[in-house]
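> any chance you can model this:
(2 chains)
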Amino acid sequence: MHYAGAPELLKPASLKFILLTLVSGLLLNLLPWQGLALSFRPDFVALVLLFWAIREPRKLGFAAAWIAGLMMDVGDGVFLGQHAFAYTLGVYAAIVLHRRIQRFTLWQQASHVLLLLLLLQATMLIIRLFGGGIFPGPGYFLSCLTGAMLWPALSLLFLLPQRGRPDADSVYSAGHKGL
Amino acid sequence: MEHQPFFKHGPSPLARFVFFALISLVFMLLDARLNALDSLRQIISVAVAPLQRLAMTPAELLDRTGSFFVTQERLQNENAMLRQQQLAQAAQLQRMQAMQAENAHLRNILNVQRLRGESVVAAEIVYAGRDPFSQKITVDKGSNHKVQAGQPALDDIGVIGQVTRVYPFSSEITLLTDKDQAIPVEIVRNGARAIAFGHGQDGALELPFMAANADIQNGDTLVTSGIDGVYPAGLPVAVVTKIERNSAFAKITCMPSAGVNRHRQLLILIGEVRQFQKPESAPAGTGTTDGKTPVLRKKRG
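Numbers count the residues shown, from 1 in each chain, chains lettered A, B, ... in the order given. Sure, this is the predicted structure:
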């Protein structure tokens, strides 16, 4: 039961729920983060996108990632396409790896997610360096670490609605109902 | 017969990724090099703005509850202090009015172009930029309050920056300390002109292109020279803090006078942005030093 993926049979996630998580991700990203909190702030949108790309690669398309990226570009006031490019790249990597990642425990998944988040940040860094920016220091990558730490909690939370009610046939739950 | 997939899935992930990556690249090029996507940005901002507003509410609520629980003593103290300040400023204001009248008179005599109208909009900082590569803030006044790109932003001490992007209900101000921001200045002590560039992260400005033997000292105050037609002349910009004279050009570092990242309120000068006829060769920027501006000649004379 420690596997997030294999042994448990889950209901498919509803599109509404996926959309809801994506909008909440955008909201969390757009909170007025400042100073130290800002450098620790995980990229919630990236986390949500990676989660659904790994979990339901057929449901969350590239178009959603791309549009969410454009919205982040406008929200942050950066080049149009910076986040969009990074998010589509991340979603692609996650879709390619999703079968492999699903077989690991949540913490092992988190280490994969850390690498994916680093890939995203590095992509954005390269884009900005080409655009004439200066490297803002290694603290730039801190958010990947906090993002990966959040992964297990986020997975459990996002899978809740798909667990549904306990099966009526299960001896365990039937016993409880009887009491 | 060619191979038919059992399930139809549309284009492969790789094909989709390449498609979206290419559009993103084209977008970035268009946006960064040609500034061609401003209308698209406006359209997307319509969708993002409500989210931004919603994201701001918790902080605002916290702020409001905080200000609700203020002790009476603190209010009284503040009241007394403000009253004193008002008295002092009333005296200043009277002197200033007299001087303004005199100034207008002198200017009329000289038949010089008058300074731009002094209408201002008070704006509140909604949030500091989240982009670690640039020094920008977003304020709560936009094109609905006659804010235009190019207008200068000030606080009670001096210049903070310039409006660079305008949305209907908010606008983005690039701080003086941004790496791509330049402002024409002059030294109060001797009137020497220079251009101050932002330094990026450490909140400093620098004056490049000043000769190693230039007449400049630690503690010199820099004010706007007014040559660019963007910033009115005479607003405090920065104070020189460090000078290194060991190469052909001096390396001069200054700290901004205004509370570039301290205050929540600021003013935007919403007079018309004066359009200069661009010289053929020079790029359009704040750094035009054509010396044609009448304001400048009057000052030197």
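> every contact and neighbour count from this point should use C-alpha atoms.
Noted.
> for residue 154, the count of nearby residues, please.
Went with chain A since none was named. 16 (other C-alpha atoms under 10 Å in any protein chain shown).
> not quite, I wanted chain B
Neighbour count for residue B:154, taken as other C-alpha under 10 Å: 25.
> can you check residue A:82 too?
With other C-alpha under 10 Å as criterion, residue A:82 counts 24.
> can you list phi and psi of it for me?
Reported as degrees, to the nearest 10, the phi and psi values for residue A:82 are phi -60, psi -60.
> show me what contacts residue 146?
I went with chain A, as the question did not name one. A:40-42 (C-alpha atoms under 8 Å, 6 or more residues apart in numbering or on different chains).
> try chain B instead
Counted by C-alpha under 8 Å, 6+ apart, residue B:146 has contacts residue B:270.
> residues from chain A in reach of chain B?
Within chain A, the positions near chain B by C-alpha under 8 Å from any C-alpha of the partner chain are A:26-28, A:30-34, A:38, A:62-63, A:66, A:70-71, A:74-82, A:84-85, A:88-89, A:92, A:95-96, A:128, A:131, A:133-136, A:140.
> beta partners of the spatially closest residue to residue B:148 that is not a sequence neighbour?
The shortest distance from residue B:148 to any non-neighbouring residue, by C-alpha to C-alpha, 6 or more residues apart in numbering or on different chains, is to residue B:166 (6.3 Å). Beta-bridge pairing for residue B:166 (DSSP bridges): residue B:171.
> from residue B:64, how far out is residue B:166?
The gap separating residue B:166 from residue B:64 is 27 Å, by C-alpha to C-alpha, to the nearest Å.
> so residue B:189, which of the three states?
Here residue B:189 takes the coil state, with states given by DSSP: H, G, I helix; E, B strand; the rest coil.
> tell me the pLDDT of residue A:150.
What the model reports as pLDDT for residue A:150 is 93.
> now the one 3 residues further on
Among the per-residue scores, residue A:153 shows a pLDDT of 92.
> among the contacts of residue A:146, which one has the most neighbours?
Ranking those using other C-alpha under 10 Å puts residue A:42 first, with 23 neighbours.
> that residue: what's it in contact with?
Shown in contact with residue A:42 (C-alpha under 8 Å, 6+ apart): A:143-147.
> most neighbours among those, which one?
residue A:144 leads the contacts of residue A:42 on contacts (other C-alpha under 10 Å) with 26 neighbours.
> okay, helices next: where are they in the chain?
Went with chain A since none was named. Along chain A, counting by DSSP state H, helices occupy A:15-30, A:35-40, A:44-55, A:62-76, A:82-102, A:106-130, A:142-163, A:171-178.
> look at chain B instead
For chain B, the helices defined by DSSP H cover B:13-29, B:38-68, B:72-110, B:294-300.
> for residue A:109, give me its contacts.
By C-alpha under 8 Å, 6+ apart, residue A:109 lies in contact with A:101-102, A:151.
> I'd like those written out as TSV, with neighbour count added.
Shown next, in TSV, are the contacts of residue A:109 (neighbours: other C-alpha atoms under 10 Å in any protein chain shown):
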residue	neighbour count
A:101	22
A:102	17
A:151	22
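> closest to chain B among the residues you listed?
residue A:101 (17.0 Å; C-alpha to the nearest C-alpha).
> tally of neighbours for residue B:89?
Neighbours of residue B:89 (other C-alpha under 10 Å): 13.
> residue B:233 versus that one, what's the distance?
Counting by C-alpha to C-alpha, the gap from residue B:89 to residue B:233 is 22 Å.
> and if you look at residue B:173?
Taking C-alpha to C-alpha, one finds residue B:173 at 20 Å from residue B:233.
> more neighbours, these two?
residue B:173 (27 against 19).
> return the distance of the nearest residue to the more buried one once chain neighbours are set aside relative to chain A.
Setting aside the residues directly before and after it, residue B:173 is nearest to residue B:163 in space (C-alpha to C-alpha, 6+ apart), at 4.3 Å. Residue B:163 sits 13 Å away from chain A, going by C-alpha to the nearest C-alpha, to the nearest Å.
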